[in-house]
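> attaching a predicted model along with its sequence, questions to come.
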Amino acid sequence: MQSARPRIGISYWRDRGNPRKRQAFESLTDHAEVVWLDPERSHHDLDALGLDLFHAAKRRPESLADLDRVAAAGVQTVNPPAAVQVTSDRVARHQALVHAGVPVPLAEFGAATAVSLTPPVLVKCREEGVLRSHDHGFVASGGLDYDGERLVEAYVPHATSVKVHVLGDTVRAVHESPTGLEPVPLDPSLEPIVRRVRHLFGLRVFEVDAVHIGSEDGPDETVLSWTGESTAEWVVVDVNPVVSLAGVPDAVSVYQAFLGGLVGIEVPPPGT
């Protein structure tokens, strides 16, 4: 049973990190009790906090462990733990997308001597949300040389790329322009792919990174892993169970409205 002022646990830094996210979380304090939780520290007393909602807004091993704990205690979470777990494992995520018929780059996981893909490729560690997990290696030519096992992903030549931010029913797309990230309408041919990703993983908050390869040449079997019957125009290169909302003009208002709606409060937009 919720109190008069719902308690929202936010696994994020209060004094650093993404300013759009911090402003959105701060804006909830007039209507709810916001409990800030360091995402790089485990909290074993979460069941005593009386939370009505928990949001793992920063993906770290400690915050994901907290997510598991609060979900097991029956607390509502923004995203289900299982969905966050599979989308944080690049190998499991790739396999799930392929099985669901989502166009993705060809990829192999293994040691450099065991991978058959040839450059140009991207070399990535398996787990996201860990130190240096976004330090990808791009190999344009020659052989592969790295320690341990990595996910090797075929580079997909493309004309443009977009990042799609989803918060519940709200969808915002941005792309890179000469002056930085700017909002763009969601391409109708990308919309069903985003919808399929949502239902596949059961996410309420997530990002999809996609590249546009056009439709005139059809899918390239040398770079795409895809089971569709029609021509692929968009290829999904990343799915994240968190959002940055970079380049989204109304980022703060849509984020706060979404979180407020989950606990039954209506938060006025900033400045009103």
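Here it is on my side, so go on.

> ok, now which ones touch the residue lying closest to Gly142 once chain neighbours are set aside?
With sequence-adjacent residues excluded and distances taken as Cβ to Cβ, 6 or more residues apart in numbering, Gly142 is closest to Pro119, at 6.5 Å. In this view, the C-beta of every residue, glycine as well, is placed from N, C-alpha and C. Going by Cβ atoms under 8 Å, 6 or more residues apart in numbering, Pro119 touches Val139, Ala140, Ser141, Gly142, Leu144, Tyr155.

> what about the fourth one, neighbour count?
A count of nearby residues for Gly142, using other Cβ atoms under 10 Å, gives 8.

> mind checking how far it is from Glu149?
With distances taken as Cβ to Cβ, to the nearest Å, Gly142 is found 20 Å from Glu149.

> any idea how many residues pack against Glu233?
Glu233: 19 surrounding residues under other Cβ under 10 Å.

> now do Trp13
Number of residues near Trp13 (other Cβ under 10 Å) recorded here: 17.

> any stretches of this structure with poor pLDDT?
Residues of the chain that meet the criterion pLDDT under 70 lie in 1-3, 129-135, 214-232, 269-272.

> can you tell me the centre-most residue of it?
The chain has Asn240 as the residue nearest its centroid, 1.5 Å off, counting by Cα atoms, centre = their mean.

> in a helix, His175, correct?
No: judged by DSSP: H, G, I helix; E, B strand; the rest coil, His175 forms no part of a helix; its state is strand.

> so it sits right up against Val164, yeah?
No: using Cβ atoms under 8 Å, His175 makes no contact with Val164, being 10.0 Å away.

> show me what contacts the nearest residue to Ala111 once chain neighbours are set aside?
Nearest in space to Ala111, with sequence neighbours left out and distances taken as Cβ to Cβ, 6+ apart, is Glu149 at 5.6 Å. Each residue near Glu149 by Cβ under 8 Å, 6+ apart is listed here: Phe109, Gly110, Ala111, Arg126.

> do the same with Gly180
Gly247.

> who does it bridge with?
Ser177 (DSSP bridges).

> and if you look at Lys163?
Counting by DSSP bridges, the residues bridging with Lys163 are Val174, Asp209.

> rewinding a little: now for the contacts of Glu149: which two are most distant?
Ala111 and Arg126 (12.5 Å; Cβ to Cβ).

> contacting residues for the nearest residue in space to Tyr155 that is not next to it in sequence?
In space, and not counting its chain neighbours, Tyr155 is closest to Pro120: 4.0 Å by Cβ to Cβ, 6+ apart. Contacts for Pro120 (Cβ under 8 Å, 6+ apart) come out as Phe138, Val139, Ala140, Ser141, Ala154, Tyr155.

> one more pass at 10 Å, please.
Phe138, Val139, Ala140, Ser141, Ala154, Tyr155, Val156, Pro157, Val223 (Cβ atoms under 10 Å, 6 or more residues apart in numbering).

> again with His44
Ala65, Asp66, Arg69.

> among those residues, the buried ones, what's the ChimeraX command?
Buried subset of the contacts of His44, written as a ChimeraX selection, criterion 16 or more other Cβ atoms under 10 Å:
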select :66,69
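
> wait, isn't Gly261 in contact with Ala32?
No: look at Gly261 against Ala32 with Cβ atoms under 10 Å: they stay out of range, at 11.6 Å.

> the more surrounded of these two?
More neighbours surround Ala32 than the other of Gly261 and Ala32, with 23 against 14 (other Cβ under 10 Å).
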